[in-house]
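Asker: Predicted coordinates and the sequence they were generated for:
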Amino acid sequence: MKARHFSQRGFTLIELLVVIAIIGVLIALLLPAVQSAREAARRAQCTNNLKQIGIALHNYHDQTGSFPPGAIADESKGSIWAGSSTMSTLCWRALILPQMEGGNVYNALNFDVHGSNNGVGAGAWYTAWVTVNSTWLCPSDGENNGGLRDANVPSGQYPNGNGPINPATGSPATVVPVSNYAGSFGDNYCIGALTGTGGPWETPVGTTLAPGVPRIGHAGFWGTYFNETITGSGGQLRGFFAYRIRGIGKVDMASVRDGTSNTIIVGEVLPYQTADSNFYMNNGSTFGTTVPINWKTERVTCTDGRTFGSADWQCRFSYASKGAKSQHPGGANFLFADGSVKFLKESINLVTYCALGSRKGGEVVSADQY
């Protein structure tokens, strides 16, 4: 009997191309969903980070009777802005380390010397300088370099070559610790609406402007004095964090008259877009609600040739960089004074946003406004 032979039919080229096309379509449909799920997980972690910071701030308040100052300073020991000053200018982030299981790092800090004073902090400062706590970093920010960025002016970090000495090399630290979370100094200088030609604009401190003219000044963005008067401006600290000069002044819960659920205390920032970003120092530790959310401030070269370091904020990468911004699509996370964390859209009305930055401005803000 003759054996039967069956030939096996293979795929035609057209069928193979159809299968490949279907697989490509499926991948194209699934990839955004996967990316969205990953971002949702990162945003949830960021939210949890802010909640932990909120718990630490409230514990600090319970233990001391007030929230921490934006930075501690002593004018009798030198200029606030001078790198040669002997004061520490440690910011609020450093002051709540014990409340965030960072007691060992806190104990390594030297409150009697400036951490960036050409290495005078030496080994003790350096130990704290290079210690990273992931709670202070947003996982969505791929530019924070794991919490340690290059210590140089072109990258916007501070200080540039005059940080604490690395005991292993005998040279200043080549990295700067950074954070994705900064404290709110409120809506200082938030007067009227933005101009139609570019947004927040620096105005020299002491300049008297007509009502309705936007004004942002150096003292506001770098930290106000704790007598609640911005030097030369006649304004008041409307947020939470400012300099404490020789121990005077404080912000406590009783001063949050606009309601704790309607007042921002901490928000997200991007270290690589924040001038003089530094975890421990006053530089870059605060932000204002005068700058729209996610207002990007990459360095640019101005038409007249000025670049980084010039007086123009568009060229300087400075004043307008002191705003809340994140890598989350469409907005950023904010910690409110009641301990809750809310995601605010970058399309939020600026007047509403400014009101949320004020702790005792008397504004009435409803939840449906943001």
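Answerer: Structure's in. What do you need?
Asker: quick one: low-confidence ranges for the stretch 1-150 of the chain?
Answerer: The model of the stretch 1-150 of the chain has pLDDT under 70 over residues 1-11, 35, 73-89, 112-124.
Asker: Could I get the full set of strands for it?
Answerer: Shown for the stretch 1-150 of the chain, the strands assigned by DSSP state E, counting those that start in this stretch span residues 71-73, 148-150.
Asker: Need the contact partners of the last one.
Answerer: Among residues not part of strand 148-150, those counted as contacts by Cβ atoms under 8 Å, 6 or more residues apart in numbering are 130, 132, 155, 157, 174-178, 271-272, 277. C-beta: built from backbone N, CA, C; applies to glycine.
Asker: After it, which helix or strand is next?
Answerer: For strand 148-150, the following helix or strand on the C-terminal side (DSSP states H and E) is strand 165-166.
Asker: list the helices and strands that following strand packs on?
Answerer: helix 122-129, strand 171-172 (3 or more Cβ pairs under 8 Å, 6 or more residues apart in numbering; DSSP states H and E).
Asker: Burial-wise, tell me which of those comes out on top.
Answerer: Most buried of the helices and strands packed on strand 165-166 by mean neighbour count (mean count of other Cβ atoms under 10 Å) is helix 122-129; its value is a mean of 20.
Asker: before we move on, the earlier item: could you check the helices and strands packed on strand 165-166 and tell me which one is nearest residue 94?
Answerer: Evaluated over the helices and strands packed on strand 165-166, closeness to residue 94 peaks at helix 122-129, with 8.1 Å, by Cβ to Cβ.
Asker: quick one on the thing from earlier: a markdown table please, covering the strands of the stretch 1-150 of the chain and showing distance to residue 18 and mean neighbour count.
Answerer: Shown next, in a markdown table, are the strands of the stretch 1-150 of the chain (distance: least, Cβ to Cβ, whole Å; neighbours: other Cβ atoms under 10 Å):
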| stretch | distance to residue 18 | mean neighbour count |
| --- | --- | --- |
| strand 71-73 | 65 | 26 |
| strand 148-150 | 49 | 18 |
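Asker: Could you provide the ones you listed in TSV, with additional columns for distance to residue 345?
Answerer: Putting these into TSV (distance: least, Cβ to Cβ, whole Å) gives the following:
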stretch	distance to residue 345
strand 71-73	30
strand 148-150	28
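Asker: and the least confident of the contacts of strand 148-150?
Answerer: Among the contacts of strand 148-150, residue 155 carries the lowest pLDDT, at 51.
Asker: quick one: which of the strands of the stretch 1-150 of the chain is nearest residue 350?
Answerer: Among the strands of the stretch 1-150 of the chain, strand 71-73 sits nearest to residue 350 (Cβ to Cβ), with 27.0 Å.
Asker: Mind listing what's buried along stretch 140-154?
Answerer: By 16 or more other Cβ atoms under 10 Å, the buried positions in stretch 140-154 come out as 140-141, 144-145, 147-149, 151.
Asker: Which one of the helices and strands packed on strand 165-166 lies nearest to residue 240?
Answerer: Nearest of those (Cβ to Cβ): helix 122-129, 23.7 Å.
Asker: Give me the below-cutoff pLDDT ranges for the stretch 251-370 of the chain.
Answerer: 275-276, 282-283, 297-321.
Asker: Which stretches in it count as helices?
Answerer: In the stretch 251-370 of the chain, the helices defined using DSSP state H, counting those that start in this stretch lie at 313-316, 350-357.
Asker: And for the stretch 51-200 of the chain?
Answerer: 92-95, 103-107, 122-129.
Asker: returning to what we had before: so can I have CSV of the helices and strands packed on strand 165-166 showing distance to residue 90?
Answerer: What follows is the helices and strands packed on strand 165-166, written out as CSV (distance: least, Cβ to Cβ, whole Å):
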stretch, distance to residue 90
helix 122-129, 10
strand 171-172, 18
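Asker: Tell me which of these sits nearest to residue 349.
Answerer: It is, among these and with distance given as Cβ to Cβ, helix 122-129, at 40.4 Å.
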